[in-house]
Each structure stands twice: as C-alpha cells, then as structure tokens.
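1. With the sequence up front, the predicted model follows.
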Amino acid sequence: MSIKGAQALVQMLKEYQVEVIFGVPGDTSLPLYRALGEAGSDIKHVLARDERSASFMADAYARLAHKPGLCECPSGAGPLYAAPGIAEANASSIPVILITSDIPLSGEGKQTITELDTQGLFRSITKWSSLIKQPGKVPEAFRRAMRIATTGRPGAVHLAFPTEVMDGDLEVSGQVYAEKECLSYPAYRTRGARTELEKLTELISQAKRPVIIAGGGANHSQAGQALVALAEWLSIPVVTTISGQGIINDNHRLAMGVIGDNGYHPHAHQAVEKGDVLLYVGCKMGSVSTINWTMPSPMEGRKIIQVDLNPEMLGNNFHNTLSVAGDARLILEDVLLLVREQKPRQDESAWARQLNEERARFWQAAQAEFARQGEPLKAPPIIAELNKYLEDPTIVISDAGTPTPYTSRYLRLGGGGSRFLIPRSYGGLGYAIPALVGAHFARPEARLVGLFGDGSLGMSAGEMETLARLNIPAVLIHFNNSSFGWIKCLQMLHSHGNYFSVDFTRGDPTLIAQGCGLKARHIKTPAELAEGMAMAFASQEPVFLDLVTEPEVDCLPPVYTWQQAAAKVQGKK
Ligand SMILES: Cc1ncc(C[n+]2csc(CCOP(=O)(O)OP(=O)(O)O)c2C)c(N)n1
C-alpha cells in the first residue's frame with residue numbers, strides 16, 4: 001500500500017503510542033497537519049503560542065511520563081525558536097524529539113524563504129539531527145530517532161522532513177512498526193558489573209557514616225523505590241540535588257534535604273561533609289550541587305562512589321573510589337539484593353539520628369522565617385502557605401529567580417507520586433508556565449502548581465492562553481518584584497549595589513491573565529494570600545495569583561555562595 005510521507009510519520013507516532021505532540025504551525029506544516037487531522041483523537045495536537053514553549057512542554061511531558069516528548073514546528077523561525085527546550089532536554093538527559101517540516105529540497109541553496117541549516121543549528125544541542133531526503137526513509141528514521149533519544153544517555157533528537165518527503169509516496173508494507181523497547185526511557189537499561197556491585201555493597205555495608213546523594217538521573221531511572229529500600233535497610237541518610245528532589249518523601253526519617261548552592265539545607269551539607277562513604281546516584285556532580293566542586297571537601301579516608309548510566313560522567317569531577325556504569329534503578333535493586341543477603345536490617349543508626357536532630361532544629365528555626373509576615377510578601381511564608389495544599393500527587397514546577405531557592409528549601413512533597421521540576425541545565429526563564437501544559441498531559445490526575453518571577457512571566461505569558469484554552473486547572477504563583485531580582489541581587493553583592501538595567505514596572509499582570517481567560521487575583525497582604533490560595537486550590541480552572549513580593553536585595557535568599565559573599569562584605573565594614 002502506498003501512503004504519503006506525512007501519513008507514515010503519523011502512523012509511526014501511533015505505533016510508538018505517542019499520545020500528544022506540542023507544536024506551532026507554519027507554511028511548511030500543511031501535509032503534517034493534514035495527516036495529524038486524519039489521525040483524529042488518537043494523537044492530541046497541542047497548539048502552543050511559541051515554539052520555545054512547545055519544546056518546554058515536550059520536555060516536561062517526557063520528565064513526568066517517562067516517555068519521549070514530541071514537539072513540532074515549521075522551517076526557519078520554528079527551529080530557531082524551539083532551540084531552548086531542545087537544549088535543556090538534551091543537557092538534562094531527557095528524550096525530546098523535534099519534528100520540523102522543512103522547505104522543498106528543490107529550493108535548497110536558492111534563497112528560499114525560511115531555509116536554514118538545521119543540522120548545523122542543532123549539532124551541539126541534540127544527540128542527532130537529520131534531514132530526511134526520501135519518503136521511503138520515514139519509518140526507519142523515526143525508529144532511529146526514538147532509539148537514539150531513549151538509549152544510552154537519553155537526550156534530544158531533531159528530524160527535518162522537506163515538503164517532497166512529507167508529500168511524497170512510499171510503500172509501507174512491513175516498515176511501519178515500533179521498536180517496543182524504546183517506547184519509554186531509559187531504553188535497554190544496563191546492569192552494573194557484578195564485581196563492582198559487590199564492591200559497592202561492601203563499601204556501604206561497612207561505612208560508619210554513609211550517605212546517598214540522589215541526582216536527577218535517579219528520578220529519570222525511577223530508582224526511588226529501590227533507593228529508599230536500600231537506605232532503610234542500612235539506615236543511610238539520603239540527600240538530593242535540586243533535580244533529585246521527590247525521590248524520597250520529604251517527611252521520611254532518612255530524607256535529609258537538598259545539597260548545593262541554591263536552596264540547600266545545612267543538615268544536608270553536614271551529611272555530605274561528614275559522611276565517610278558517599279554514594280552518588282545519577283548525579284553529574286556539577287557546579288551547583290558541589291558548590292563549584294568544593295563539597296565534599298577533601299577528607300582523609302573518605303570514599304566516593306558514583307553510579308551513572310553515562311560512563312563519561314564517572315570520575316569526571318571528583319576522585320572516585322568506585323565508579324559503576326549502568327542504570328540507577330537496576331544497580332540499586334541488585335545492590336539491595338546483595339545487602340539483604342549479607343546483612344540484617346539495621347536499626348536507625350546514631351549517624352542518622354544525629355542528622356535527624358539537626359534537621360529538626362532547622363525546621364524549628366524555619367518557623368521564624370514562616371512567621372515573617374508583612375508587605376511586600378516574603379517568600380518563606382508563601383511556600384509555607386502553599387505547603388498546606390500539597391496533597392499527593394502534586395506536580396510543582398519552578399522557574400529560576402526567587403522561586404528556586406525557596407521551593408528547594410521549604411517545599412514539602414509527599415512520596416505519593418508528587419514531583420518537583422526545575423530545569424537545571426540552563427535554568428532558562430519562562431519554563432514553568434508552558435511546562436504545566438506538558439505536565440497536564442503526562443499526569444492528568446495530579447494537581448499542578450507553577451511558581452515564577454515577573455522576568456519569567458514576560459517570557460512565557462502567552463501560554464496562559466493555552467492553559468485557559470485547554471482549561472488546565474493549574475495554580476500559577478507569580479512572584480512580582482518588578483525586577484530581574486536575581487541579577488539585581490548579584491549586583492548588590494558584587495557591583496557595590498550599582499544597579500544597572502535590572503528594573504521594570506510592576507504593571508498589572510492580572511489584566512494579562514484575565515485577558516487570556518484565567519481567573520486572577522492581585523495579592524498584597526498575608527490575609528489576601530491565604531484567601532487567594534484557598535480559592536485557587538478549590539478551583540477547577542487555571543488561576544493566576546499575582547503576589548507583590550520582597551525583592552532579593554531586601555532579604556538574601558538561601559544561596560550558599562551569596563551568603564558567604566554577604567558575610568565577607570559585612571566583615572569588611
Ligand atoms: C532565558 C534566560 N535569560 C537570562 C537568565 C539569567 N537570569 C537568571 S535569574 C534572572 C532574573 C529572574 O528574574 P525574575 O524572573 O523576575 O525573578 P526574580 O529573581 O526577580 O525573583 C535572570 C535574568 C536566565 N536564567 N534565563
């Protein structure tokens with residue numbers, strides 16, 4: 001049977017059980033849109049207002065559905081605008097596939113409007129970018145794209161389909177099928193080598209002060225159950241990076257919080273600094289989680305173990321005692337079996353108890369922060385108010401700026417399928433609002449909450465219309481401090497408070513939200529905050545809460561290196 005290339009592509013989407021594709025149309029999109037239209041309700045097309053948003057939607061979908069995220073856009077401006085989400089997904093090991101419908105091959109090199117060397121554009125921000133030149137190649141190219149995106153270190157892939165390929169005919173007998181192993185990721189998971197698993201088991205079993213440090217890779221691998229079971233068996237405290245949050249219920253006795261520069265918990269840092277065996281799982285050990293590679297600081301006899309599916313990451317930033325390549329979940333499951341064979345379940349260790357006491361002291365002291373009520377609104381009481389509504393499962397998505405350190409520090413997520421997302425490879429502003437759209441399709445049963453500053457709102461406000469059009473019941477929490485506050489704060493710390501080009505007007509963003517079809521409230525007082533939150537969480541529609549918040553320059557957020565810089569300035573006075 002002969003069908004069009006675009007129809008073959010859509011059939012491949014169906015074979016791979018793609019439920020949703022996020023995108024923006026253009027002149028070259030017609031064959032694809034025709035084929036998607038013919039597919040009816042099998043594949044939902046979500047119209048985004050910007051290709052960057054479409055790529056962020058696909059990224060968030062993939063993170064939460066544990067399946068590849070699909071997005072599409074037309075030639076030229078489309079891929080240029082889609083690049084941010086593709087780069088974030090690729091660097092964060094998230095399988096996102098971008099389909100671009102391209103100009104006709106016959107117009108190549110002839111100044112055709114929107115002609116662009118997309119392979120050149122995507123070379124450094126995808127695992128693979130390819131221009132498909134024959135309709136007959138569509139099924140195998142799509143299979144290859146899914147395989148490359150989901151295997152090894154997962155990442156982003158781009159496929160460009162010129163008009164002749166979308167509109168051309170191909171014989172499809174026997175070609176249109178999915179490689180079932182690549183419907184989800186990580187595909188073709190690999191186990192750790194037996195001798196290394198045995199060494200790992202021995203090291204953590206004999207440790208006096210072991211710590212598990214879970215990064216984003218542990219979440220991507222869905223290693224939570226095995227990780228918590230192992231921690232419980234040996235009474236090992238667990239800390240996470242920002243991306244590793246949610247792997248363990250925040251209220252668990254072994255959950256010691258977040259490490260790194262941004263929104264850290266002091267007791268989590270203490271665990272890492274005093275730990276004698278540190279087991280890093282799916283953690284790149286990059287600049288933020290290690291505070292520019294100063295933590296863990298050198299300590300005689302300390303053993304560092306690193307588990308990562310990407311061997312290129314192993315031992316890259318620290319001198320490991322043991323490096324194990326493989327899938328986090330499989331490795332932890334195997335180690336758990338070995339540990340159970342060799343050692344009885346341990347009672348709570350003195351080490352875990354001591355850290356727990358530190359943790360309790362921290363949360364006791366935090367009450368004073370939560371009580372810091374007043375105008376403009378302060379971030380800690382805002383998060384404390386939010387915590388009251390976080391029933392499982394909730395998906396919380398934060399942007400860079402004020403929301404990141406305060407959610408990392410004060411948000412309390414349960415373990416019942418709740419997740420917390422922040423794009424940490426590039427920390428691009430304007431992720432949260434579009435990501436809520438992707439999250440809705442991945443986890444329709446979950447409550448959705450987005451937190452973002454006014455800088456982020458300026459970059460993603462258009463997607464409020466998408467939330468309203470699809471009637472996605474998300475709670476949008478806007479930190480309105482009328483500035484690029486984060487950068488302003490850096491200028492305070494490092495440019496002697498000479499503020500340069502960081503302020504904008506507060507305006508009335510509720511009008512923008514209302515204009516997009518959202519319910520919106522302007523909130524200035526703690527009483528209005530309490531009332532607004534209650535209204536938002538009771539609503540079955542998207543709600544925008546415009547919070548007039550304290551700028552970072554008036555109260556330093558919990559960023560480790562900032563606090564050190566401020567102490568230095570204070571010391572010189
Ligand atoms: C796309 C993009 N451009 C620039 C930056 C650099 N940046 C980091 S934080 C920040 C300011 C954030 O301002 P806002 O969203 O208003 O949050 P606030 O810090 O004021 O709470 C900027 C510009 C970025 N992260 N992403």
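-> Arrived safely, thanks for sending. Residues are numbered from 1 along each chain as shown.
2. Please report phi then psi for residue 57.
-> Per-residue torsions, residue 57: phi -60, psi -50 (degrees, to the nearest 10).
3. Just the pLDDT for the residue of the stretch 201-350 of the chain at minimum distance from the ligand.
-> The ligand sits closest to residue 262 of the stretch 201-350 of the chain, with a gap of 10.8 Å, by CB to the nearest ligand atom. Heads up, the C-betas are built off the backbone N, CA and C, glycines and all. pLDDT recorded at residue 262 is 96.
4. That one contacts residue 408, doesn't it?
-> Yes - using CB atoms under 8 Å, residue 262 is in contact with residue 408, at 6.2 Å.
5. The nearest residue to residue 460 once chain neighbours are set aside: how many residues sit nearby?
-> Nearest non-adjacent residue to residue 460, counting by CB to CB, 6 or more residues apart in numbering: residue 430, 3.7 Å away. Residue 430 has 25 neighbouring residues, counting by other CB atoms under 10 Å.
6. what's the distance between residue 430 and the ligand?
-> 6 Å (CB to the nearest ligand atom, to the nearest Å).
7. In this model residue 462 seems to touch that residue, though I could be wrong.
-> No - in this structure residue 430 lies outside contact range of residue 462 using CB under 8 Å: 9.8 Å.
8. Mind listing the shared neighbours of the two?
-> Common neighbours of residue 430 and residue 462 are listed as residue 53 (criterion: CB atoms under 8 Å, 6 or more residues apart in numbering).
9. Establish whether stretch 450-465 and the ligand are in contact.
-> Yes - Stretch 450-465 reaches the ligand (CB under 6 Å from any ligand atom) through 453-456.
10. quick revisit: the residue nearest to residue 460 in helix, strand or coil?
-> coil (DSSP: H, G, I helix; E, B strand; the rest coil).
11. which residues touch it?
-> Applying CB under 8 Å, 6+ apart, we find residue 430 in contact with 52-53, 56, 399, 452, 456-460.
12. Tell me the most packed of these, by neighbour count.
-> residue 56 (36 neighbours).
13. Is it in a helix, a strand, or coil?
-> Per three-state DSSP, residue 56 ends up helix.
14. and if you look at residue 21?
-> Residue 21, by the three-state scheme (three-state DSSP), is strand.
15. Nearest residue to it in space, ignoring adjacent ones along the chain?
-> Nearest non-adjacent residue to residue 21, counting by CB to CB, 6+ apart: residue 70, 4.3 Å away.
16. Run through the bridge partners of that neighbour.
-> residue 21, residue 97 (DSSP bridges).
17. Quick check, it in contact with residue 14.
-> No - counting by CB under 8 Å, residue 70 sits too far from residue 14 to count as a contact (11.8 Å).
18. more crowded one of those two?
-> Comparing residue 70 with residue 14 by other CB under 10 Å, the one with more neighbours is residue 70, at 28 against 14.
19. Pull the contacting residues for the more buried one.
-> Listed by CB under 8 Å, 6+ apart, the contact set of residue 70 reads 13, 18, 20-22, 58, 96-97, 99.
20. and the two most separated of the residues you listed?
-> Pairwise distances across the contacts of residue 70 (CB to CB) peak at 14.1 Å, for the pair 13 and 96.
21. Look at these two and report which has more neighbours.
-> The neighbour count for residue 13 versus residue 96, taken as other CB under 10 Å, is higher for residue 96 (34 against 24).
22. The residue nearest to the more buried one when sequence neighbours are not counted and the ligand: what is the separation?
-> Computed as CB to CB, 6+ apart, the closest residue to residue 96 that is not its neighbour in sequence is residue 89, at 3.8 Å. Here residue 89 is placed at a distance of 15 Å from the ligand (CB to the nearest ligand atom).
23. Now do the same for residue 573: its pLDDT.
-> In this model, residue 573 is scored at 66, pLDDT.
24. Could you pull out the strands in the stretch 351-500 of the chain for me?
-> Along the stretch 351-500 of the chain, counting by DSSP state E, counting those that start in this stretch, strands occupy 394-398, 419-421, 447-453, 474-480.
25. for the first one, packing partners?
-> Judged by 3 or more CB pairs under 8 Å, 6 or more residues apart in numbering; DSSP states H and E, strand 394-398 is in contact with helix 403-410, strand 419-421, helix 432-442, strand 447-453.
26. from those, which stretch is densest packed?
-> Of those, the one with the most neighbours on average (mean count of other CB atoms under 10 Å) is helix 432-442, at a mean of 28.
27. tally of neighbours for the closest residue to residue 148 other than its chain neighbours?
-> The shortest distance from residue 148 to any non-neighbouring residue, by CB to CB, 6+ apart, is to residue 128 (4.8 Å). Residue 128 has 19 neighbours, counted by other CB under 10 Å.
28. can you tell me how far residue 128 sits from the ligand?
-> Taking CB to the nearest ligand atom, one finds residue 128 at 25 Å from the ligand.
29. Can you read off the backbone torsions of that residue?
-> Dihedral angles (degrees, to the nearest 10) for residue 128: phi -160, psi 130.
30. what's across from it in the sheet?
-> Per DSSP bridges, the residues bridged to residue 128 are residue 157.
31. is it true that it touches residue 147?
-> No - between residue 128 and residue 147 there is no contact under CB under 8 Å: 9.6 Å.
32. Report the contact partners of the residue nearest to residue 96.
-> Going by CB under 8 Å, 6+ apart, residue 89 touches 55, 58-59, 62, 69, 95-96, 155-156.
33. between the helix or strand hosting it and helix 432-442, how many degrees?
-> Here residue 89, judged by DSSP states H and E, is contained in helix 77-91. If you take axes from the mean of the first three to the mean of the last three CA atoms, to 10 degrees, helix 77-91 sits at 70 degrees to helix 432-442.
34. quick one: helix 77-91 to chain centroid distance?
-> Here the centre of mass of C-alpha atoms in helix 77-91, compared against the chain's by CA atoms, centre = their mean, to the nearest Å, lies 15 Å away.
35. Send me that helix as CSV with only the CA atoms.
-> Provided in CSV are the C-alpha atoms of helix 77-91 (Å, rounded to 0.1, in the frame of the first residue of the first chain):
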residue,chain,number,x,y,z
ALA,A,77,12.0,30.6,12.6
GLY,A,78,10.4,27.5,14.1
PRO,A,79,13.6,25.6,14.9
LEU,A,80,15.3,28.8,15.9
TYR,A,81,12.6,29.4,18.5
ALA,A,82,12.5,25.8,19.6
ALA,A,83,16.2,25.6,20.4
PRO,A,84,15.9,26.5,24.2
GLY,A,85,13.8,23.5,25.1
ILE,A,86,15.7,21.1,22.9
ALA,A,87,19.0,22.2,24.5
GLU,A,88,17.6,21.9,28.1
ALA,A,89,16.2,18.4,27.4
ASN,A,90,19.4,17.3,25.8
ALA,A,91,21.7,18.5,28.6
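36. That one: which residues count as buried?
-> For helix 77-91, a neighbour-count test (16 or more other CB atoms under 10 Å) marks 78-79, 81-91 as buried.
37. what's the closest of these to the ligand?
-> For the buried residues of helix 77-91, the nearest to the ligand is residue 84 (7.1 Å; CB to the nearest ligand atom).
38. Show me which residues of the chain are close to the ligand?
-> Counting by CB under 6 Å from any ligand atom, the chain sits next to the ligand at 400-402, 427-429, 453-456, 479, 481, 483-487, 552.
39. what does stretch 2-12 contact?
-> With CB under 8 Å, 6+ apart as the contact definition, stretch 2-12 has outside contacts at 31-32, 34-36, 38-39, 43, 99, 135, 138-139, 142-143, 161, 165-172, 175-176, 178.
40. Correct me if wrong: residue 286 contacts residue 317.
-> Yes - contact criterion CB under 8 Å: residue 286 and residue 317 qualify, at 7.2 Å.
41. pLDDT weak spots in the stretch 401-550 of the chain?
-> Across the stretch 401-550 of the chain, nothing is flagged by pLDDT under 70.
42. Common neighbours of residue 262 and residue 408, please.
-> Shared contacts of residue 262 and residue 408, defined by CB under 8 Å, 6+ apart, comprise residue 242.
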